[in-house]
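let me see the structure of the following:
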Amino acid sequence: MAKSFDPANVWSPFGAFSQSVISGGGQTIYLKGQVALGQDGKVTGDGDMAAQVEQVLQNISDVLGAMGGRMSDIVSLQQFTTDIQAFMRCGEVRTRFFEAPYPVTTTLEVSSLYDPRLLIEITGIAEIPLNRFTMPETAQEKHQ
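Numbers count the residues shown, from 1 in each chain. Next comes the predicted model:
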């Protein structure tokens with residue numbers, strides 16, 4: 001079970017994130033960067049940052065859910081956005097997916113993503129407790 005830690009001698013987080021997360025004892029999941037593609041593979045929310053953040057976080061939730069995971073199992077996120085100001089106005093969307101203790105988070109503004117209609121990409125690391133983790137039947141050996 002992961003625990004968050006916000007030291008008293010470091011500035012307090014002002015959003016849905018923690019300064020550090022201590023983890024161990026579960027199944028570590030490395031998440032591919034998710035963009036605002038719906039199940040059909042088409043861009044969702046063209047030009048709408050909030051809609052894209054919602055889709056990206058839903059994609060992440062669905063990936064974790066397929067293994068018995070939850071958004072609360074995420075320990076670290078890296079967010080890449082083409083418009084940091086628009087992204088910062090989407091805090092309410094994040095609070096629908098996360099509650100304290102929050103994952104550690106790094107957010108960077110980038111000049112573009114692989115499709116100019118995409119505004120946000122989020123990747124992360126999660127730790128699913130072993131008592132909830134379910135190995136997907138279609139999982140393949142990475143190294144043989």
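
got phi/psi on the spatially closest residue to residue 99 that is not a sequence neighbour?
Distances taken as C-beta to C-beta, 6 or more residues apart in numbering put residue 72 closest to residue 99, at 7.2 Å, once the chain neighbours are dropped. For glycine as for every other residue, the C-beta is placed from the backbone atoms N, C-alpha and C. Per-residue torsions, residue 72: phi -70, psi -10 (degrees, to the nearest 10).

my guess is residue 61 meets residue 74, correct?
No. With contacts counted by C-beta atoms under 8 Å, residue 61 stays clear of residue 74, the gap being 9.5 Å.

comparing the two, which shows the higher neighbour count?
residue 74 (28 against 16; other C-beta atoms under 10 Å).

against which helices or strands is whichever helix in the chain runs longest packed?
The residue-count maximum for a helix in the chain (DSSP state H) belongs to helix 49-65. For helix 49-65, the elements it packs on are strand 26-34, strand 74-81, helix 84-88, helix 91-97, strand 120-129, judged by 3 or more C-beta pairs under 8 Å, 6 or more residues apart in numbering; DSSP states H and E.

let's see the pLDDT reported for the residue nearest to residue 99.
At residue 72, the pLDDT value in this model is 95.

by mean pLDDT, flag the weakest helix or strand of the chain.
None of the helices or strands of the chain scores lower by mean pLDDT, DSSP states H and E than strand 20-22, at a mean of 62.

where does pLDDT dip in the protein?
1-5, 7, 10-11, 13-14, 16-23, 142-144 (pLDDT under 70).

residue 97 is in contact with the residue nearest to residue 99, correct?
No. Assessed by C-beta under 8 Å, residue 72 is found out of contact with residue 97, at 9.4 Å.
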